[in-house]
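In: Build me a model:
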Amino acid sequence: MRAIRISRTGGPEVLELVEVETPAPGPGEILIRHEAVGINFIDTYHRTGLYPVKLPSGLGMEAAGRVEAVGEGVTRFAVGDLAAYASGPIGAYADLHVVKADRAVKPPEGVSAQVAAAALLKGMTAEFLLRRCYPVKAGETILVHAAAGGVGSILVQWASRLGATVIGTVGSAEKAARARAQGCDHVILYREEDVAARVREITGGAGVPVAYDSVGAATFEATLASLARRGLFVSFGNASGPVPPFAPARLSQMGSLFLTRPTLFDYVATTAELDACAEALFSVIASGAVKIEIGQTFPLAEAARAHQALEGRDTIGASLLLP
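Out: Numbering: from 1, shown residues only. Reported below is the predicted structural model:
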């Protein structure tokens, strides 16, 4: 089978398409023939070494396709079932992949492999951020950075469904229009406007109780300055690079703020949590409250081009590799 591998860390050029032996599922595992592979920023962190992996390594955490073989003891899936996963193991950038059966979910009727691969990691991230990391309530005003991106677009739609007023930041007029169409009540062009000043203006000086920041270094100061007293800074990505070190005393000086750096994997640590999270996501998709936009697709062989587009912020919605 074909697979993308890296033997060193670096830019998109380190991604190589190679032929490897097709794996066989062991006890409790399933072999999935991919129909679509999700592309996520965490993949670029593994590629660059920001999140270290043992080399040589595959890449990719998320995909969906048909079960081709099941290992001993598997009752959760049968051959031919549609299966999707978003918590690895690393190696989704491939024609086929072996995953643990209890870490995969079965998308309901009406959800295609492409939608599942585009939605699962980003959508389950949105679920835990909005419903469990900070339970957003109707009437609250929240800040979402990268509001037209993969996770951001789902956050905006879902938060609007919950009755929140959403302030979104974007990098272009085109993305601003998309964010408004998805439910942003206020859109800030972060390259042209003072984000924190606009947030204070919109909230009558109070700031927001929670800010969701997947951008990292470039938005760190603006996010801190946008929070209300005792507000929560949810840092869940590093698209512009990691947040710089800072003195914890700053949190007290700026209003007894809270900061968390959560990961999806700690919120779907058990099979029960995974199933509940995925069920909530598929439910809002089925209701029409959240629409999954697949903005661009790339052949598996063009994974490097996909990473260039993602890191260059030249993508909208979700991006997929198609084996």
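In: only C-alpha atoms for contact and neighbour calcs from this point on.
Out: Fine.
In: Do a quick rundown of the strands in the stretch 101-250 of the chain.
Out: 104-105, 141-144, 165-170, 186-189, 208-213, 227-235 (DSSP state E, counting those that start in this stretch).
In: Can I get stretch 222-237 as CSV, trimmed to CA atoms?
Out: Written as CSV, here are the backbone C-alpha positions of stretch 222-237 (Å, rounded to 0.1, in the frame of the first residue of the first chain):
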residue,chain,number,x,y,z
ALA,A,222,-4.8,40.0,22.4
THR,A,223,-6.6,37.0,23.9
LEU,A,224,-5.4,37.8,27.4
ALA,A,225,-6.5,41.5,27.0
SER,A,226,-9.9,40.4,25.7
LEU,A,227,-11.0,38.4,28.8
ALA,A,228,-13.4,39.5,31.5
ARG,A,229,-12.5,39.2,35.2
ARG,A,230,-12.0,35.5,36.0
GLY,A,231,-12.2,34.8,32.3
LEU,A,232,-10.9,31.5,30.8
PHE,A,233,-8.2,31.5,28.1
VAL,A,234,-8.6,28.2,26.2
SER,A,235,-5.4,27.7,24.2
PHE,A,236,-5.8,24.7,22.0
GLY,A,237,-3.4,25.2,19.1
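In: pLDDT score for the residue lying closest to residue 165 once chain neighbours are set aside?
Out: With sequence-adjacent residues excluded and distances taken as Cα to Cα, 6 or more residues apart in numbering, residue 165 is closest to residue 141, at 4.5 Å. Listed pLDDT for residue 141 reads 98.
In: Can you name the residues that contact residue 141?
Out: Applying Cα atoms under 8 Å, 6 or more residues apart in numbering to residue 141 gives the contacts 164, 165, 166, 167, 203, 208, 209.
In: is it true that the third one touches residue 158?
Out: Yep, that's residue 166 we're talking about. No. If you go by Cα atoms under 8 Å, residue 166 and residue 158 don't touch, sitting 10.2 Å apart.
In: now the helices: where do they sit in the stretch 51-200 of the chain?
Out: Ranges of helices in the stretch 51-200 of the chain, per DSSP state H, counting those that start in this stretch, are 113-128, 150-161, 173-182, 195-202.
In: biggest separation within the contacts of residue 141, which pair?
Out: Using Cα to Cα, the contacts of residue 141 span at most 12.9 Å, a distance reached by 164 and 203.
In: who has more neighbours, the two?
Out: residue 164 (21 against 16; other Cα atoms under 10 Å).
In: That one contacts residue 135, doesn't it?
Out: No. Applying Cα under 8 Å as the test, residue 164 and residue 135 come out as separate, 10.9 Å apart.
In: Can you give me the pLDDT of residue 238?
Out: We have a pLDDT of 84 for residue 238.
In: do residue 82 as well
Out: Looking at residue 82, its pLDDT stands at 98.
In: What's opposite it in the beta bridge?
Out: Here residue 82 sits in beta bridges with residue 66, as judged by DSSP bridges.
In: Around it, how many other residues sit close by?
Out: For residue 82, the neighbour count with other Cα under 10 Å is 26.
In: and what of residue 8?
Out: For residue 8, the number of neighbouring residues by other Cα under 10 Å comes to 15.
In: that older thread, adding mean pLDDT, write the helices of the stretch 51-200 of the chain out as TSV.
Out: Formatted as TSV, those follow (pLDDT from 0 to 100):
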stretch	mean pLDDT
helix 113-128	96
helix 150-161	94
helix 173-182	93
helix 195-202	98
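In: thinking again about what came up before, please tabulate the strands of the stretch 101-250 of the chain in a markdown table, including the columns distance to residue 92.
Out: As requested, the strands of the stretch 101-250 of the chain are exported to a markdown table (distance: least, Cα to Cα, whole Å):
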| stretch | distance to residue 92 |
| --- | --- |
| strand 104-105 | 13 |
| strand 141-144 | 28 |
| strand 165-170 | 29 |
| strand 186-189 | 34 |
| strand 208-213 | 26 |
| strand 227-235 | 25 |
